[in-house]
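>>> Task: produce atomic coordinates for the following.
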Amino acid sequence: MGTIRPKLVCILVSLLALPVAGFMFAPKSAAQSGAMASGQGTLLVEDENGDLVRRQFAFSARQLSDGTAKGNAVLHNPAFENANGQTYQLQIDVQCMKVIGNVAFFGGLTRRTNDPTLVDAVYFSVQDNGEPGKDNDQISLAFFFDDDPTTQGDPALCQGNQLGDFPMETIASGNIQLKP
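As a prediction, this is how the structure comes out:
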């Protein structure tokens with residue numbers, strides 16, 4: 001009675017495997033059925049001394065079935081310094097995403113920044129022009145809702161964006177991926 005029969009072990013393993021197999025082969029949930037975009041890279045920009053510096057970015061976002069989006073973006077821009085002389089840094093909680101062809105528009109809220117005058121809704125766009133991303137893909141600058149730190153813009157306004165709204169710049173390194 002101290003040994004387990006092989007047939008009983010097979011039944012137990014089969015019963016335990018059913019939920020795992022069901023999870024692995026289940027259809028995508030409705031909350032994760034939209035477009036996806038991600039990327040990272042560098043733009044070469046001129047600082048106030050006329051020197052070229054590397055403006056670095058990274059982002060990842062997914063459009064949800066209800067039309068909202070979930071994701072984040074990070075920007076480091078040494079061409080711009082805050083009042084304390086620190087290189088500008090920005091983190092964004094992406095909450096809006098709109099895709100037109102190979103262009104995606106994003107809207108989000110400032111999660112963290114080292115410039116208290118730039119705390120508002122933030123908007124930007126990317127363009128996936130195929131492989132390789134370097135010297136091919138494009139990204140816009142980050143645009144804030146307004147210059148008034150006492151107001152808060154709506155990230156969902158990105159749904160109103162159209163092609164040409166944000167000037168785009170070709171990335172010097174990195175890659176942007178957009179899957180509609």
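>>> Now tell me which helix or strand of the chain has the poorest mean pLDDT.
Using mean pLDDT, DSSP states H and E, the weakest-scoring helix or strand in the chain turns out to be helix 6-24, at a mean of 33.
>>> List the single closest residue to residue 76 in space, sequence neighbours excluded.
Spatially, and ignoring its direct neighbours in sequence, residue 76 is nearest to residue 56 (4.6 Å; CB to CB, 6 or more residues apart in numbering). For every residue, glycine as well, the C-beta is placed using N, CA and C.
>>> part of a helix, is that neighbour?
No: Residue 56: not assigned to a helix; according to DSSP: H, G, I helix; E, B strand; the rest coil it is strand.
>>> Hmm, it is touching residue 45, no?
No: using CB atoms under 8 Å, residue 56 is not in contact with residue 45, being 10.5 Å away.
>>> Look up how far residue 47 lies from residue 70.
34 Å (CB to CB, to the nearest Å).
>>> In terms of neighbours, single out the busier of these two.
Using other CB atoms under 10 Å as the criterion, residue 70 and residue 47 rank with residue 70 on top: 17 against 14.
>>> what secondary structure does the more buried one sit in?
Following three-state DSSP, we place residue 70 in the strand state.
>>> And for it, nearest residue in space, chain neighbours not counted?
Using CB to CB, 6+ apart, the nearest residue to residue 70 is residue 62, at 5.8 Å.
>>> Then that neighbour would be within a helix, right?
No: assessed with three-state DSSP, residue 62 is strand; it does not lie in a helix.
>>> Run the chain-centre distance for stretch 114-128.
For stretch 114-128, the separation from the chain centroid amounts to 12 Å (computed by CA atoms, centre = their mean, to the nearest Å).
>>> okay, and for the protein, where does confidence drop off?
1-33 (pLDDT under 70).
>>> wait, is residue 156 part of a strand?
No: Residue 156 sits outside any strand when classified using three-state DSSP, being helix.
>>> what's the burial count for it?
15.
>>> helix or strand for the nearest residue to it once chain neighbours are set aside, which one?
Take residue 156 and drop its neighbours on the chain: the residue closest to it by CB to CB, 6+ apart is residue 96, 4.9 Å away. Using DSSP states H and E, residue 96 sits within strand 87-100.
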